[in-house]
Structures are given as C-alpha cells and as structure tokens.
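Novice: what's the 3D shape of this:
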Amino acid sequence: MNWRRPSLLALAVLLAVCGTASAHVKYVVDSAEDVGDALAFLAEVVSEPFNAAVLAGGALAVVAAAVAYLRFRPAERDVDVLRETLRGYDDLVPWMLRLSVGLPLVGAGFAGYFFSPVVHAEARILQVAVGFLLLFGLATRVVALVGLGAYLVGLLAEPALVLASEYVGGLVAIALLGGGRPSADHMLQRVADAEGTLYGRFDPVHRAASWLNARTASRRRYAPTLVRLALGFNFFYLGFTQKLFAPGPALAVVEKYDLTAVVPVDPGLWVVGAGLTEMAVGAALFLGLFTRATAATAFTMLTLTLFGLADDPVLAHVSLFGMVSMLFITGSGPLAVDSWLRESPFGDRSHAGADGETTSASAPNGRV
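Specialist: Predicted coordinates for the structure are as follows:
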C-alpha cells in the first residue's frame, strides 16, 4: 500500500468525519466485489505506526472524555435543562416512530425493494399499505405486527435483510406504544369513549383497544430499550461485516467517492476507522452507555454519509435517522449501563448518568 502522512489538521478532520464511510456499503457499490482477506488487511493497516497511533489515540480520547464528563460534569445546568425540555416531547415519541418506519416502507414499496435496497421483491401493495397505515396511525398495533411478520418471513428467505434489522426494534416498539397522537386511532378512540356518540355504539374494537392499552401501559417504558438494542445490533453488524470483515467493497467506496481527497490518509485507515467507529457506536447503543450522546453521534455520522456519498439511498436511512432521534429524546430506557451509572460512585444520583433517564412513553395512545 502507499501511505500518506496527513497534517495534524487533516488528522483532526479524519477523527471528526470517519463516519462518512459508514453507510450500508452494499447500497452504493457492487456487492460482488472481492471481500479480501480481512485479517491480513487489518494487520497491514495497524502495523503502520502512524495508523496504529491514530486508532489508539482516538480510542483513548473517547475514554478520557467519558471519564472526564463523569468526574467533572461540565455544563451540568445546561444538561439538566435539556433533559427537562426533552421530557416534554414524550407524547410525540409514538408519532416519531411511526414516521420513521412508515415513510421508508412506502418508499420501498414504490421503489421495488423489500425493506432493504439490496433485496428486490414485488411487495408494493403490502409495504405501501403498512407504511400508509402507520403514517395515519390507523389500527397501529395490528399493522406493526403485520409489518414485523413480513420482515421476519422475508429474513428467512433472504438473510441479506439483516441489513435492515432496525425495523425489528421499531415495529415491536410501535406495537407496544400504539399510535400515540396525532393519529387516527387516537381520534377514533376519543370519539368512541365519549358518552352518547353514534360511533361509540357501533365501533367493534374500541373497547378491546382500551383493554389492550391498559395491559401494555406498564411496559411502554421498554420501547426505548427495544429501539436501542435493535439500533445497537445494526450499527455493530454493519461496522463489522461491511468494513472490517469485508474490506474489499469498503475500499471500493473510498475509491468511488475519492474520500482520501477529503482527508489525505491511506484508504485502509478510512475503512478501519469507519468500521471501528460504527462498532463502537453500536456497542454503546446496545449497552445503553451515554445513550443521548451516542445517538447524537450516530445522527452526525448518518448526516455526513448522506453528504459524502451522493447516490446513497436516502429513504433507506430514514428509519435510522428517526430512531436515533427518538433515543435522543427518551434516553436509554431500562436495562442500560446508564442506569447503573446513576447509582454509581462516579457522580451524584440526581444528575447521574450519562443521559440514561427515560421518558415513560406513556402518553395517550388510543390505539388498536
């Protein structure tokens, strides 16, 4: 390989934008590209002292920043105000999720692919119907379960659908939360519940929906957890399988978009840096570690990807954009490292954590 030593400024830019190469590689290059020898590739990249220093230095910088935050808690009042503000968006979470899943499903149906652009299938009616019903918030829980079933059946037939695994967490969370508001379910539920309404006399499902809402109320707080686990798996899987394990196509992305002109480093460092960054973001999301900060980082990576890779399919990333935005609002949800940090000696319990407090996601859902 030909190695080029960047300036300090270029190094800083690399650390800031390494996520630009973190798209779904198969969406923008020929998947038939030679994957290469992953172990030999990784060994060759890290055997270069400068590359090893960059990777190790980046990892140490992230760890040092996390420890410093837990120890000194800078801008603590600002963070408290932000968290309090985000709690006010709680009732919008189901709506955000419906948009995040419904819009890309409608787009997938009209574009002729099944959940993921790498899986072509004639499922227009199914995906458009599920997508529009989710956008309207009509029969939301039932529709979400239909969409989930369609994805799982498709996954059995076409394993490449694992590239779109974030849909599992999103659809299960929608089934748990219901339509929220604004939604058709919420409006119809209110009319059905009002005394003396004609619709309330004949509506066959609103009583069952009320019963279901009551039974799921105590479990709605797990919606952020479900989304977090699905997103964490997806980011980690993409970083490992499409960057480190298959460097050939990833290197083709770097060459196709001339990313070394953006930051003049060896293409191998681009690929390894992007893969490790994506895996780190995925692991942090999966564990619920500094969830809001990690969600903001993921959002930045996705945005840079769209600007850096001109023909990357935008619709295929809408679900990711929406779900990381949801986690920025809700925090980690239960079963997260952030919860442990709130109880740890690293900081006081009133402000702890790294943003792990969660919203209840229990606003009126109305929702079948």
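
Novice: going forward, measure contacts between C-alpha atoms and count neighbours the same way
Specialist: Noted.

Novice: make sure Gly179 is indeed in a helix.
Specialist: No: judged by DSSP: H, G, I helix; E, B strand; the rest coil, Gly179 forms no part of a helix; its state is coil.

Novice: under the pLDDT cut-off, which ranges of this structure? List them.
Specialist: 1-36, 207-208, 310, 344-368 (pLDDT under 70).

Novice: let me know the outermost residue of it.
Specialist: Distance to the chain centre peaks in the chain at Gly196, reaching 44.2 Å (criterion: Cα atoms, centre = their mean).

Novice: does His120 touch Phe114 like I think?
Specialist: Yes: counting by Cα atoms under 8 Å, His120 does reach Phe114; the two are 5.8 Å apart.

Novice: neighbour count for these two, which is higher?
Specialist: The neighbour count for His120 versus Phe114, taken as other Cα atoms under 10 Å, is higher for Phe114 (24 against 14).

Novice: roughly how far out does stretch 190-204 sit from the chain middle?
Specialist: For stretch 190-204, the distance from its own C-alpha centre to the chain's C-alpha centre is 38 Å (Cα atoms, centre = their mean, to the nearest Å).

Novice: same thing with stretch 262-269?
Specialist: With Cα atoms, centre = their mean as the basis, the distance from the averaged C-alpha position of stretch 262-269 to the chain average is 26 Å.

Novice: now do the same end-to-end measure for it.
Specialist: The distance separating the two terminal residues of stretch 262-269, taken as Cα to Cα, to the nearest Å, comes to 13 Å.

Novice: what sits against Leu327?
Specialist: Leu327 makes contacts with 224, 227-228, 291-292, 295, as judged by Cα atoms under 8 Å, 6 or more residues apart in numbering.

Novice: first vs last residue of stretch 202-211, how far apart are they?
Specialist: Here the two ends of stretch 202-211 are set 17 Å apart, with distance taken as Cα to Cα.

Novice: please renumber so the chain begins at 39
Specialist: Shifting the count to begin at 39 puts that one at stretch 240-249.

Novice: next SSE downstream of the helix or strand containing Arg266?
Specialist: Using DSSP states H and E, Arg266 sits within helix 261-277. Using DSSP H and E, the helix or strand that follows helix 261-277 towards the C-terminus is helix 285-294.

Novice: what residues sit buried inside that next one?
Specialist: Burial within helix 285-294, assessed by neighbour count using 16 or more other Cα atoms under 10 Å, is assigned to 285-292.

Novice: residue contacts, the nearest residue to Leu124 once chain neighbours are set aside?
Specialist: Using Cα to Cα, 6 or more residues apart in numbering and skipping residues adjacent in sequence, the residue nearest Leu124 is Ile367, 5.3 Å away. The neighbourhood of Ile367, defined by Cα under 8 Å, 6+ apart, consists of 124-125, 127-128, 330, 397.

Novice: so how far is Thr329 from Ile367?
Specialist: According to Cα to Cα, Ile367 and Thr329 sit 10 Å apart.

Novice: same question for Leu193.
Specialist: Taking Cα to Cα as the measure, Leu193 falls 28 Å from Thr329.

Novice: who's more crowded, the two?
Specialist: Under the neighbour definition other Cα under 10 Å, Leu193 and Thr329 were set side by side, and Thr329 has more, 31 against 16.

Novice: isn't the more buried one right next to Gly371, touching?
Specialist: No: using Cα under 8 Å, Thr329 is not in contact with Gly371, being 9.2 Å away.

Novice: quick one, helices of the stretch 239-388 of the chain?
Specialist: In the stretch 239-388 of the chain, the helices defined using DSSP state H, counting those that start in this stretch lie at 244-254, 261-277, 285-294, 305-325, 329-346, 353-368, 375-381.

Novice: quick one: contacts for Ala202?
Specialist: The neighbourhood of Ala202, defined by Cα under 8 Å, 6+ apart, consists of 153-154, 272.

Novice: cool, Phe337 as well?
Specialist: Neighbour list for Phe337: 359, 362-363 [criterion: Cα under 8 Å, 6+ apart].

Novice: and whatever helix or strand Asp223 lives in with helix 244-254, angle?
Specialist: When secondary structure is defined by DSSP H and E, Asp223 falls within helix 222-231. Between the axes of helix 222-231 and helix 244-254, defined by axes from the mean of the first three to the mean of the last three Cα atoms, to 10 degrees, the angle is 120 degrees.

Novice: could I get the buried residue list for helix 222-231?
Specialist: When neighbours are counted by 16+ other Cα under 10 Å, the buried residues of helix 222-231 are found to be 222-227, 229-231.

Novice: check these and tell me the two furthest apart.
Specialist: Within the buried residues of helix 222-231, Ala222 and Asp231 form the most distant pair, 14.1 Å apart (Cα to Cα).

Novice: give the other helices and strands that the longest helix seen in the chain contacts.
Specialist: Across the chain, the helix with the greatest residue count (assigned by DSSP state H) is helix 87-110. Using 3 or more Cα pairs under 8 Å, 6 or more residues apart in numbering; DSSP states H and E, the elements in contact with helix 87-110 are helix 76-85.

Novice: who's in contact with the helix it packs on?
Specialist: Here helix 76-85 makes contact (Cα under 8 Å, 6+ apart) with 89-90, 282-285, 306-307, 310.
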